[in-house]
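Visitor: Pasting a predicted model and its sequence here:
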Amino acid sequence: MFEILSEKLNAVFRLLGNRGKLTEKDIDEAMREVRLALLEADVNFKVVKDFTTRVRERSIGKEVMESLTPAQQIIKIVNEELVKTLGDGQGSRLAQASQPPSIIMMVGLQGSGKTTTAAKLALHLKHGGQKPLLVAADNRRPAAIEQLVVLGKQLDVPVYSEDPKTASKDICVHALSQARKIAATHVIVDTAGRLHIDEEMMAELEQVKKVLRPDEVLLVVDAMTGQDAVRVAEEFHAKVNLTGLIMTKMDGDARGGAALSIRWVSGVPIKFIGTGEKADAFEPFYPDRLASRILGMGDVLTFIEKAEKTLDEKKVLELQKKIQKSGFNLEDFLEQLKAIKKMGPLAQLAEMLPGVSKIASRLPDGAQEAQMKKVEAIVLSMTPQERQNPSIIGGSRRKRIARGSGTGSHDVNQLLTQFQQMQKLMKMGLSGKLPKNIMGMFK
């Protein structure tokens, strides 16, 4: 989502880095470029003005002007001010009731992904050891009730639903009673949405809120709607006093300005973000991590968390021992490839790795996934003996593997060459630094 903004900001930083000692004029020129980059990314103009003013004021101070590395100092300031704009980092914590269950009321317009997000939040809580209950209180759209029931079955999360003719507030009263019976720790209520904000909708939400007395009122907004998402957040907050925001479709190709504007303009913290269509493509929002991604510095912590959720710790330890003893073969590589696919789209993972994100952003959409499939097809076309000992693969074997995988001999040669380089690195032991060509296997 932030590729263009990242490229433009990094171009400004490179320009400053080439200047050495900076003058006030240099900083003013840089801030003009930063301002343009943010406006082109659809960031609210008030946020842009406030942000660039803060960065400029700090940049003409002693910490930059007298520094031996002024460009690095400005990057540090921009990073800190981005974090400040996005929030203080406390927003992702959900409020807890003194006596369970904690009640979470989900609100939003139709099409924002509210029902799906309610299910994603339930799965997130379930993975955290909680026992959530989903409540289908969107009686305006019968399909939403059916959708939530289906999602609940898929995720093995209980769903409370009634006839759509039942009033929303009555459904909520009955649902709270059910939550106590099953000892649910959290009640997630999917309320009715509309195609636009109107008085009838807000009056209904106020009634439901009065009945529920929720610990959290979370607005689900679509990041793809740009600055309209900011306006929606302001209006909902004025009517039902929001406690947090969930931004969906953060994996889309929108310019990202809404994410950078919404917290600052509305004053409501972003608590979670949706990063894909799958039920587990949902994560707590960390301002410092998003700021790092925007500045092309990666997000290693989120990458590690995704890896820990997906990879089998026992298998990882076994692989480490094997590498130390006998090395890393293509059988091991194939297993790791399958594990990486479970972690999510390769483009998203690449964004989290410092340096690699710049390579990935230059590739066409879907190119990494297509190449990953090609690599997997090549390895699967090999015999078990060839995977365990790639050095036996000669000319005739390469032709056979190419035919079997629907690729060319040059593709097989390229994979084997890059794999040999990877084997050498595995033996030496990577010191936390990724080689420049590590993404080459997926180009």
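Guide: Thanks, I have it.
Visitor: how does this structure divide into domains?
Guide: 3-86, 102-297, 302-442 (automatic domain parsing).
Visitor: Quick one: closest of those domains to Arg93.
Guide: domain 102-297 (7.9 Å; Cβ to Cβ). Where C-beta positions appear, they are placed from N, C-alpha and C, glycine not excepted.
Visitor: on that earlier part again, rebuild the domains of the chain as TSV, extending it with mean neighbour count.
Guide: What follows is the domains of the chain, written out as TSV (neighbours: other Cβ atoms under 10 Å):
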stretch	mean neighbour count
domain 3-86	17
domain 102-297	20
domain 302-442	15
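Visitor: what element comes up after the helix or strand of the chain with the lowest mean pLDDT heading to the C-terminus?
Guide: The weakest-scoring helix or strand in the chain, judged by mean pLDDT, DSSP states H and E, is helix 356-360 (a mean of 49). For helix 356-360, the following helix or strand on the C-terminal side (DSSP states H and E) is helix 367-380.
Visitor: Report all helices and strands that that following helix contacts.
Guide: helix 330-343, helix 346-351, helix 395-405, helix 409-428 (3 or more Cβ pairs under 8 Å, 6 or more residues apart in numbering; DSSP states H and E).
Visitor: now that helix, how far from the chain's geometric center?
Guide: 24 Å (Cα atoms, centre = their mean, to the nearest Å).
Visitor: For the helix or strand following it, which outside residues touch it?
Guide: Next along the chain after helix 367-380, taking DSSP H and E as the criterion, comes helix 384-388. Residues outside helix 384-388 that contact it (Cβ atoms under 8 Å, 6 or more residues apart in numbering): Asn329, Leu330, Glu331, Leu334, Val379, Ile392, Ile393, Arg397, Ile401.
Visitor: Without its sequence neighbours, what residue ends up closest to the fifth one?
Guide: In space, not counting the residues next to it along the chain, Val379 is nearest to Leu334; the distance is 4.9 Å by Cβ to Cβ, 6 or more residues apart in numbering.
Visitor: quick one: the one you found and Met382 touch, right?
Guide: No - the pair Leu334 / Met382 is not scored as a contact, 9.1 Å apart, by Cβ atoms under 8 Å.
Visitor: residue contacts, Val34?
Guide: Residues near Val34 by Cβ under 8 Å, 6+ apart: Leu9, Val12, Thr52, Val55, Val78.
Visitor: before we move on, which element is it in?
Guide: Counting by DSSP H and E, Val34 is part of helix 24-40.
Visitor: Let me see the contact set for Val240.
Guide: Val107, Met202, Leu205, Glu206, Lys209, Val217.
Visitor: Does the nearest residue to it once chain neighbours are set aside fall in a helix, a strand, or a coil region?
Guide: Distance criterion Cβ to Cβ, 6+ apart; nearest residue to Val240, sequence neighbours excluded, is Leu205 at 5.3 Å. Three-state assignment for Leu205 (DSSP: H, G, I helix; E, B strand; the rest coil): helix.
Visitor: give the contact list for Leu205.
Guide: Val107, Thr191, Ala192, Lys239, Val240.
Visitor: any idea how far it is from Val232?
Guide: 13 Å (Cβ to Cβ, to the nearest Å).
Visitor: likewise Met247?
Guide: Counting by Cβ to Cβ - Met247 and Val232 are separated by 11 Å.
Visitor: Strands of the stretch 101-250 of the chain, start to end?
Guide: For the stretch 101-250 of the chain, the strands defined by DSSP state E, counting those that start in this stretch cover 102-107, 132-136, 159-160, 186-190, 216-222, 244-248.
Visitor: Make a markdown table from these and add mean pLDDT and distance to Lys278 to it.
Guide: Below are the strands of the stretch 101-250 of the chain laid out as a markdown table (pLDDT from 0 to 100; distance: least, Cβ to Cβ, whole Å):
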| stretch | mean pLDDT | distance to Lys278 |
| --- | --- | --- |
| strand 102-107 | 95 | 19 |
| strand 132-136 | 95 | 17 |
| strand 159-160 | 95 | 19 |
| strand 186-190 | 95 | 18 |
| strand 216-222 | 92 | 17 |
| strand 244-248 | 90 | 13 |
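Visitor: Let's have the ones you listed in TSV, adding distance to Ile4.
Guide: Formatted as TSV, the strands of the stretch 101-250 of the chain follow (distance: least, Cβ to Cβ, whole Å):
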stretch	distance to Ile4
strand 102-107	31
strand 132-136	37
strand 159-160	40
strand 186-190	34
strand 216-222	19
strand 244-248	18
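Visitor: Which among those strands is found nearest to Gly87?
Guide: Of these, the one closest to Gly87 (Cβ to Cβ) turns out to be strand 244-248, at 9.8 Å.
Visitor: angle of the next helix or strand after the closest one against strand 216-222?
Guide: As assigned by DSSP H and E, the chain's next helix or strand after strand 244-248 is helix 257-266. Using axes from the mean of the first three to the mean of the last three Cα atoms, to 10 degrees, the direction of helix 257-266 lies 140 degrees away from that of strand 216-222.
Visitor: Does anything pack onto helix 257-266? Which helices or strands?
Guide: Helix 257-266 packs on helix 45-59, helix 70-86, helix 227-240, strand 244-248, strand 270-274, going by 3+ Cβ pairs under 8 Å, 6+ apart.
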